[in-house]
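Trainee: no sequence for this one, just the structure:
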């Protein structure tokens, strides 16, 4: 624990605020995510969790404040640049390329790591072909990793719901991230699927990838995370390990209190 | 070398569902000259028509990259066609003498092909850079405007372009060396500086251009760029989040589409030996768009087929309609219908007045009966049959879980 504390954070948010007109969706939020941990962001509906993810990934940059990834400020970077820096994400409402098959979805994820230039592609030069083959192999590997290799050649939209969530994770992993943002990965899952998902998240962390997730399910969050940040109405109201967060009176009032 | 060629073509280990279509097109292209010289009295005319149809096929292939692959609605595509044709007119004719330049430029056709490619692509980038941040309808309007502006510029900048008269007497393409022989009705000989005037030669050039373009586009489609186009078309936000520079790949689609019409424009100028602003109006943009949509957006052999059919309907069937109806009524013994009387103009004129209505009906019916196009891509076919597939059940499950 003390060792982790001195380690350089992989992601640091400094006083991040996001306003939409008069509405303050995220209000002066600061925290750090450490390398190799499973970090969770929780909070009631409308607390600003997804807005924060969008701010980190450059979809809707924060109004003020700074986002620092691995020592480099990425505030205001474009989404594709953020992906190149090494942050990948999934979406709360699954956003797969529905009319591409599973392999192509994952191959697309490797886009920013591929080196083929226009010229290579136009003339199908040998190095482009080799890269395409490697990309396909890697895609199959990732599909196996998340356990959906048998759907490799199905259109993404034809996959069962749980498999679509897994495919989205595989696609995100294809960008070779160092930090993976999962936006409610267990939403709509059966208890059994949730257990499988937690196992998958642990497998991902074992690969050396830091996981930062938004989750509603308290069992999942408490069981999986090393540290938790709680947002309510855009404000950070608590931060710490699961036991501490669970006991925090403000959290109980804002979040758990509502649940019971 | 052969292995490389095979690899160039067979980019996908899975069998290509379009193989049959490509084969049919290739056989058709080879058989056509033989067919017209055996079965029609006027092969020269038919070969020339085929060359013109090829121009539209090239345009359709290019627009397919923009509309079919990247999903960007371009309503001013003819502008790039005009730019290609005028490029040839400027740098391959005596026209330079009457411009403030006072000097003619004669660049060989083969080099102009490349020059026009880059010029048109540059204009594609120029138009795309500020506008591709726009989405959907807005982009369509901007391209529509561009398509109107370009021919008007060529029309009004008459010091440089001779205005409405256009530029005529463009250079005839030349081969540095050619072999004459009994097959062309001459004695066997090597000819330097062979001028290409024979429609068959233009037909062959067009065939080669098409082969090259199809291979290149197909390679692109099966590469990371093709995937990125598809992804941007489906979900721009997700594509960006996965590391695709969406503005960049859209620009590339625009530039490549434009490059094709640069090709087409050069060929068109060389074959017709005349360019005039009237030839690049909105109707050209729309015709090419119809070819792409009706043929099967996103599918290369589909748009090739679509371009042939639409070209046939617009330039052969519709103009031939009056004569055909007159002939038909006479043949069935109703020759009286061909005469005009009172308000009735006679069946021939009547048909002539109706031809665009008929064209419209053909389009409406085709799109009603086959909305995905004649020969659609796998993805498009799926998109347009949404809900009627075996996966409906899965969708319902998804809906239930989301709720």
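Mentor: Alright, I've got the coordinates. Predicted model only: the values in this text are computed from it and were never measured. Numbers count the residues shown, from 1 in each chain, chains lettered A, B, ... in the order given.
Trainee: can you give me the helices in the stretch 101-250 of chain B?
Mentor: B:109-131, B:137-156, B:158-161, B:199-221, B:224-234, B:236-241, B:246-272 (DSSP state H, counting those that start in this stretch).
Trainee: TSV for those helices, including mean pLDDT and distance to chain A?
Mentor: C-beta coordinates here come from the backbone N, C-alpha and C atoms, glycine included. Formatted as TSV, the helices of the stretch 101-250 of chain B follow (pLDDT from 0 to 100; distance: least, C-beta to the nearest C-beta, whole Å):
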stretch	mean pLDDT	distance to chain A
helix B:109-131	93	11
helix B:137-156	92	19
helix B:158-161	88	32
helix B:199-221	93	5
helix B:224-234	95	5
helix B:236-241	96	4
helix B:246-272	94	7
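Trainee: Of all the ones you listed, which one is nearest residue B:332?
Mentor: Among these, the nearest to residue B:332 by C-beta to C-beta is helix B:199-221 (35.8 Å).
Trainee: what's that closest one packed up against?
Mentor: Counting contacts by 3 or more C-beta pairs under 8 Å, 6 or more residues apart in numbering or on different chains; DSSP states H and E, helix B:199-221 is packed against helix A:118-123, helix B:2-9, helix B:19-39, helix B:43-63, helix B:246-272, helix B:300-312.
Trainee: List of residues touching that helix?
Mentor: A:121-124, B:8-9, B:11, B:22, B:29, B:32-33, B:44-45, B:47-48, B:50-51, B:54-55, B:57-58, B:61-62, B:64-65, B:69, B:113, B:173, B:196, B:226, B:229, B:256, B:260, B:263, B:267, B:271, B:300, B:304 (C-beta atoms under 8 Å, 6 or more residues apart in numbering or on different chains).
Trainee: Type out the PyMOL command that picks the buried ones from those residues.
Mentor: Selection of the buried residues among these in PyMOL, burial being defined by 16 or more other C-beta atoms under 10 Å in any protein chain shown:
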select buried, (chain A and resi 121+122+124) or (chain B and resi 8+11+22+29+32+33+47+48+50+51+54+55+57+58+61+62+64+65+69+113+173+196+226+229+256+260+263+267+271+300+304)
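Trainee: Can you report how many residues lie near the residue of chain A found nearest chain B?
Mentor: Of all residues in chain A, the one sitting closest to chain B is residue A:112 (3.0 Å; C-beta to the nearest C-beta). Under the neighbour criterion other C-beta atoms under 10 Å in any protein chain shown, residue A:112 is assigned a count of 21.
Trainee: follow-up on the earlier one: among the helices of the stretch 101-250 of chain B, which is nearest residue B:368?
Mentor: helix B:137-156 (22.6 Å).
Trainee: List of residues touching the closest one?
Mentor: B:72-79, B:82-83, B:86, B:127, B:131-132, B:134, B:161, B:163-164, B:277-278, B:280-282, B:285.
Trainee: go on, stretch B:89-103?
Mentor: In contact with stretch B:89-103 (C-beta under 8 Å, 6+ apart) are residues B:104-109, B:112, B:115, B:159-162, B:166-171, B:269-270, B:275.
Trainee: next one: stretch A:80-90
Mentor: A:11, A:53, A:56-58, A:69-70, A:72, A:74, A:77, A:109, A:112, A:165, A:168-169, A:172-173, A:175-183, A:185, B:240-246.
Trainee: Would you pull up how far that stretch lies from the middle of the chain?
Mentor: 10 Å (C-alpha atoms, centre = their mean, to the nearest Å).
Trainee: Doesn't residue A:98 belong to a helix?
Mentor: No - counting by DSSP: H, G, I helix; E, B strand; the rest coil, residue A:98 falls outside a helix, being coil.
Trainee: Give me the distance between it and residue B:355.
Mentor: 41 Å (C-beta to C-beta, to the nearest Å).
Trainee: Out of the contacts of helix B:137-156, which end up buried?
Mentor: B:72, B:74-79, B:82-83, B:86, B:127, B:131-132, B:161, B:277, B:280, B:285.
Trainee: Just the ones in strands from those residues, please.
Mentor: Per DSSP state E, strands hold no members of these.
Trainee: picking up where we left off before, so for residue B:383, which of the helices of the stretch 101-250 of chain B sits nearest?
Mentor: So among these, helix B:224-234 is nearest, using C-beta to C-beta, at 9.0 Å.
Trainee: And the closest one, what does it pack against?
Mentor: helix A:102-109, helix A:118-123, helix B:236-241, helix B:246-272.
Trainee: To which secondary structure element type does the residue lying closest to residue A:99 once chain neighbours are set aside belong?
Mentor: Distance criterion C-beta to C-beta, 6 or more residues apart in numbering or on different chains; nearest residue to residue A:99, sequence neighbours excluded, is residue B:379 at 4.2 Å. Under the three-state scheme (three-state DSSP), residue B:379 adopts helix.
Trainee: for residue B:379, what are its contacts?
Mentor: A:99-100, B:230, B:298.
Trainee: pLDDT value on it, please?
Mentor: As predicted, residue B:379 sits at a pLDDT of 73.
Trainee: looking at it, residue B:32 is touching residue B:49, isn't it?
Mentor: No - assessed by C-beta atoms under 8 Å, residue B:32 is found out of contact with residue B:49, at 10.3 Å.
Trainee: about what we covered before: so which of the contacts of stretch A:80-90 belong to helices?
Mentor: If you go by DSSP state H, the contacts of stretch A:80-90 have A:53, A:56-57, A:109, A:165, A:168-169, A:172-173, B:240-241, B:246 in helices.
Trainee: Between the residues you listed, which sits nearest residue A:139?
Mentor: Using C-beta to C-beta, the ones in helices among the contacts of stretch A:80-90 come closest to residue A:139 at residue A:109, 8.0 Å.
Trainee: What is the burial count for the closest residue to the closest one other than its chain neighbours?
Mentor: Distances taken as C-beta to C-beta, 6+ apart place residue A:174 nearest to residue A:109, at 2.9 Å, with adjacent residues excluded. Counted by other C-beta under 10 Å, the residues lying close to residue A:174 total 26.
Trainee: Next up, the contacts around residue A:174.
Mentor: Contacts of residue A:174 by C-beta under 8 Å, 6+ apart are A:106-110, A:138-139, A:142, B:242.
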